[in-house]
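A.B. asks: have a look at this prediction, sequence included:
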Amino acid sequence: MSLLEQIIPKQKKGSHTGATSKVELDSRLAAIVRFDEAKKRIIDINNWYKLCGKKGAEFTLTDENGIPLNVVMPKIGNLIRIKLPAPPNPNGEGYDWVRIEKVEEEKNKLKDEELFGFRVRPVQN
């Protein structure tokens, strides 16, 4: 089972959205730099809104009690508080919540590849 399959479980029910991105760069060094930049954006949850635009969702990394965190790397058990640009969720006091349940990072020197990702699952307020 690949790392990607470990992070993203097979769709069993509901709708499915598959989003991918691929970039070919001129050198190994350029690829390493681009990967590091992408990883920094992924783990910088409190600034995801910058990627969504002004009318997008707002994301806040919190501890297990909902207290906002300003850390370099999210960890298993942290929550992400989501404020969607839609009618507020009455059950979550206006927010939707997900918990980080898996963080995976793998470097394979033989294949000259590096993978990083984390999986979240919805939770109640």
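C.D. replies: Received it, and whenever you're ready, just let me know what you need.

A.B. asks: pull out the buried positions in the longest strand anywhere in the chain.
C.D. replies: Counting residues, the longest strand in the chain under DSSP state E turns out to be strand 96-108. Residues of strand 96-108 classed as buried: D96, W97, V98, R99, I100, V103 (neighbour count, 16 or more other Cβ atoms under 10 Å). No exception for glycine: its C-beta is placed from N, CA and C like everyone else's.

A.B. asks: same for that strand, what does it pack against?
C.D. replies: Identification of packing neighbours for strand 96-108 by 3 or more Cβ pairs under 8 Å, 6 or more residues apart in numbering; DSSP states H and E yields helix 3-7, strand 79-83, strand 113-123.

A.B. asks: and the ones you listed, which is most packed in?
C.D. replies: Among the helices and strands packed on strand 96-108, strand 79-83 has the highest mean neighbour count (mean count of other Cβ atoms under 10 Å), at a mean of 20.

A.B. asks: can I get the helices and strands packed on strand 96-108 in CSV with mean pLDDT?
C.D. replies: Converted to CSV, the helices and strands packed on strand 96-108 look like this (pLDDT from 0 to 100):
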stretch, mean pLDDT
helix 3-7, 64
strand 79-83, 95
strand 113-123, 89
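
A.B. asks: do you know which of those lies nearest K39?
C.D. replies: strand 113-123 (5.1 Å; Cβ to Cβ).

A.B. asks: tell me the contacts of D96?
C.D. replies: Neighbour list for D96: R81, I82, K83, L84, N89, P122 [criterion: Cβ atoms under 8 Å, 6 or more residues apart in numbering].
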